[in-house]
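1. sequence first, predicted model second:
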Amino acid sequence: MRFRLTLAAALAAAIAVSAPVSAQTTLNVVTAGDQNMVEYVTNYLGPKFEAMNPGVKVRAVGTGPGDAGSQKIYEKLSAQQKAGSAAWDTDVAVVHQRGAATMVKENLLLNYRNDVAAGKLVSRDSAKNALGANVDGYVLPMFHSQIAFAYNPDLVKAPPKSYTELAEWVKKNPKQFGYNGVKGGMSGVGFVMGWVSANSGLGEKLEKGPYAAGDKATIEKSLAGLKDFNQNVVMTPGNAGTLDMLNRGEIAMGPVWVDMFYTWQADGKLSPKIKLSLPQPGLPGQPMYYVIPAKAANAALAKKFIDLAESPEVQADGIVRQFNWYPGIDPQHVQAKLTPAAWNKLFTDISPSDLAKYGRPFPLSEYFTDIVEGYERVVLK
Amino acid sequence: MIAAAIAPGRSLRWPRALLTAVLLALFAFAIFGPLANLLLWAFAEKWYFPSKLPSEFGFAFWQRVFDPRGNALASLGTSVWIAVLTVVVSLAVAIPAGYALARLKLPWRGAILLLFLLPQAVPNLPIYVNIARVFYEVGLNGTVIGVVLVHAAHGLVLAVWIASAAFAAVDASLDEAARNLGASPWTCFRTITLPLAAPGLMASAIFVFLESLDEFTGTYFVGVPDVTTLPLLMFNASMGGNYQIASITALLLLVPSIGFMLVVERFLKADVLAMVGR
Amino acid sequence: MTASAVAATDAATLASAALRRGRLAGLALIAPALAIVVAFFIVPLGISFATAFRAKDGSFTLAHFEKSFELYTTDLVFTLAIVLLSSALIALVAVAIAGYLTLGENPRAVAVLRWLYRWPLFIPFVVAGQVMRTFLAKNGMLNHVLIGAGLLDPLAAQSLLDWRGIVIAFVWKQAPFVTLLVAGAMASLDRQHIEAARNLGAPRWRVLWDIVLPQVRGTLLVGVVLSFVTMLSVLSVPLMINPNSPTMITVDVAYRINTHADYAVANALCLLSLLFAAGGAAFYLRHAVRSAGEAS
């Protein structure tokens, strides 16, 4: 009897706890990526926005790193769409390119760029094109990231400048290079993309198209060389896995996301000695996007929030100074707000000209699929 | 140990004690070696090759986790509350179900047990989008009850299977003896079967609690953004390689886990002792 | 009809009515638990699995299964092998530890062991994966300790971050769970049989094998099957520990979803994984039913 009363009381309390309490508006920001993205919103953007808009509370939640995190955001929005919810529970989301492309395709996003003043500050192609999908108007880049080789200069005196040099280097230094294959992280996928781009002769066609299914054979031929390459390298368990092995000195070089690299250095998990380099013909990079779900409960507030986040001051102070990441809006607007020393810190290892030449977008989504599945068929068998 | 059994004698006692001590030490290393890593990362501010141990210790990451705007303590509280509710709900439905499956000759018993197994048996990743949809349609998303139900759906396999095994292990002849003396089925259950099955039920309570405290994906899909729990932070930090934050949150979650187990064990001992001589 | 025949028919009718009532009562007792699982998991599961059979145009197709087997047969076999090996090791470790806790004659050792073995229970799989990754790596703590103790040549240090790491992580995390169940079952056994056997001079391992183990077989089987099934669905451990190919099916499921948004093949793989789990569970159920039949 007492047990039943306790149960009833507990359930009643639970229902009470779950009922909404406050009368103020809550802006829900859901972000993929590492924990520091959540802290950025909670500790930096949030207080700024709340000061500008009294009565509003900013609430940030993280969904985890990589495309897995963006996929979780997409799934929640898709579930609400299929359930026919009137107002969705996410106001601003920060996602990767693949997630954004899928969401635009399924009409899950609001076309907001023209309603936001900062929309005029972005002219890069990456704001209109996500893996070949047209996302113009639905996204604004929060920051740009780039895959690059991180290497320990004590062990790697002269980092290889091309994929051919890299292949020779790994033969002379077996098990000193590591990447994560195609499962578990995009840094490895990006490396494979770069390899195919260098060895297949297809070059820019992979990024600009038009897509030709007949290229599959050429792609798989270029992947055959990767199978031999893999005999001399260490496979790592993901983006964090490569950095993890660099942390313990088990590998001397590997492809990493530049934003993760700087975060790990700031967190004391990577030696400050480790440097970055970009090989020819390049490695892919991608931005993370601010998006607004189509039926966001507070769409107007969401637009104001993104306007704040994309303003040159916040991009300069938050993205560049705090994280040492490449800004999302066009660089000239941000450079004007920083001292030359602060701005040049971004280019300590990779010069602006190298970045412009060798920082490439990801291939078109059909080529992307062909390359990755080709890897599974050719290299993993 | 085998040799000593064949030739009993005092001469073999202290080498055997030494062997036992060595084996225990190795076992302790096997258990605590990996956990030592957790402790080191929780307090490490700088740790990279070639240092074998952190080069700088500190509480910088504890400050980050406990930042007042970050709500770590609130989400810890929510996590524990949800776990307790999950145990209550799971046991409330699992005790009758376990009893029925163990004692009453039900048709489809095997199939029903298999059904409860499904939430644990399938990689859940592709299912969550549809679980979220069901909850949105019913309007339970963003509520504590919704999260409790998602956790219970996962924990019920432990609760029902273990409860069923616990009830099956209780000798049915005791029940029959009591019935012959005129006791009603409910009295039989309350005074004989339930207390005898209590150890198994308490074990399943511990497992359901631990399972709920570790659950994050279901919590994300059903609860976020209104209900946030600490395991969400732990999962994201761990997958992202943010060892310091992951270790700190894991240590934080250890506290309610061990606390719950101690409480249940104390309750269990008293109950079993109370049944002796009745 | 004779009076006895009438009485017999009446008794039979009463008996079958009682049986029906018993069955209805039984179903009523199960209903709430079933309702929770069906509404909040089975229904979404059904919706998900339906996509495994649906082509882009909505027609029925087995193409996704063909693709699964084309790309992932090795991984399916690998998954089954890893989980079976881990289950066997878990059973061994659990029986050994629980056996010592029940039959051990050094009270201090028993107390220490009882306190020691439970710790991994409180560590979630994702954290277990993380600590094992740093513990078993080439420059990880295990190798550091072995080298420091002079037991390992620094050049011979190898990384255990492959299938061995997965098995170690699974056994480390799940063995305490099964041990707890089995030790509890052993503790509630009648000590008379054990004392009698020991008084007759039987060595402890014989007592364990011939007397204790047969009586706790049911609980051991429950623990092992639950572990088997759980290990089939864990994503974090293989994702964080094993970068090589082949890898476990859960990693492939995550990969298909996150890199290709290919829910169809992902669900096909889940269905195949479910068949493994169902196989393991069916094994238990047949055993449990058989032993219940023997007992009665």
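-> Structure's in. What do you need? Residues are numbered from 1 along each chain as shown, chains lettered A, B, ... in the order given.

2. show me where pLDDT drops low in the stretch 151-296 of chain C?
-> C:288-296 (pLDDT under 70).

3. quick one: secondary structure of the residue in it positioned nearest to chain A?
-> The minimum distance from the stretch 151-296 of chain C to chain A, using CB to the nearest CB, falls at residue C:243 (4.0 Å). Yep, even glycine has a C-beta here, placed from its N, CA and C like the rest. What DSSP: H, G, I helix; E, B strand; the rest coil gives for residue C:243 is coil.

4. return the residues in contact with it.
-> For residue C:243, the contacting residues are A:180-181, A:184, A:235-238, A:241, C:161, by CB atoms under 8 Å, 6 or more residues apart in numbering or on different chains.

5. and with 6 Å instead?
-> By CB atoms under 6 Å, 6 or more residues apart in numbering or on different chains, the contact list for residue C:243 reads A:180, A:235-237.

6. buried subset of the residues you listed as a ChimeraX selection?
-> Entered in ChimeraX, the line below selects the buried ones among the contacts of residue C:243, by 16 or more other CB atoms under 10 Å in any protein chain shown:
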select /A:180,235,236,237
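
7. now, which of the contacts of residue C:243 sits nearest chain B?
-> residue A:237 (9.9 Å).

8. need the phi and psi values for that closest one.
-> The phi and psi torsions at residue A:237 (degrees, to the nearest 10) take the values phi -80, psi 40.

9. can you check residue A:281 too?
-> In terms of degrees, to the nearest 10, the main-chain angles of residue A:281 are phi -80, psi 0.

10. so residue A:272 sits in a helix?
-> No. Using three-state DSSP, the assignment for residue A:272 is coil, not a helix.

11. what's around the closest residue to it other than its chain neighbours, how many residues?
-> In this structure, residue A:272 finds its nearest non-sequential neighbour in residue A:265, 6.1 Å apart by CB to CB, 6 or more residues apart in numbering or on different chains. When neighbours are defined as other CB atoms under 10 Å in any protein chain shown, residue A:265 has 18 of them.

12. and for residue A:203?
-> So residue A:203, with other CB under 10 Å, has 11 neighbours.

13. residue B:111 too?
-> 10.

14. same question for residue A:214.
-> 7.

15. try residue A:324
-> If we define neighbours as other CB under 10 Å, then residue A:324 has 18 of them.

16. and for residue C:82?
-> 22.

17. any buried residues in stretch A:220-240, and which?
-> In stretch A:220-240, counting by 16+ other CB under 10 Å, buried: A:220, A:222-223, A:225-226, A:229-230, A:232-240.

18. among these, which are in strands?
-> If you go by DSSP state E, the buried residues of stretch A:220-240 have A:234-235 in strands.

19. out of the buried residues of stretch A:220-240, who's nearest chain B?
-> Nearest to chain B among those, with distances taken as CB to the nearest CB, is residue A:240, at 2.9 Å.

20. gap between the closest one and chain C?
-> Going from residue A:240 to chain C by CB to the nearest CB, to the nearest Å gives 8 Å.

21. follow-up on the earlier one: check the contacts of residue C:243 and tell me the two furthest apart.
-> The largest separation in these, counting by CB to CB, is between A:235 and A:237 at 7.8 Å.

22. could I get stretch A:238-245 in CSV with only the CA atoms?
-> Backbone C-alpha positions of stretch A:238-245 (Å, rounded to 0.1, in the frame of the first residue of the first chain) are rendered in CSV as follows:
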residue,chain,number,x,y,z
GLY,A,238,38.5,8.4,-36.0
ASN,A,239,39.3,12.1,-36.1
ALA,A,240,40.0,12.1,-32.4
GLY,A,241,41.8,8.9,-32.8
THR,A,242,44.5,10.4,-35.0
LEU,A,243,45.0,13.3,-32.6
ASP,A,244,45.0,10.8,-29.8
MET,A,245,47.9,8.9,-31.4
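
23. identify the spatial nearest neighbour of residue A:229, chain neighbours not counted.
-> Closest to residue A:229 by CB to CB, 6+ apart is residue A:167, at 5.8 Å.

24. element containing the one you found, please.
-> Residue A:167 belongs to helix A:163-172 when elements are defined using DSSP states H and E.

25. what about the strands in the stretch 151-300 of chain A?
-> Taking DSSP state E, counting those that start in this stretch to define them, one finds strands in the stretch 151-300 of chain A at A:178-179, A:234-235, A:253-257, A:275-277, A:283-291.

26. ok now the fourth one, how far from the chain's centre?
-> The chain centroid and the centroid of strand A:275-277 are separated by 19 Å under CA atoms, centre = their mean, to the nearest Å.
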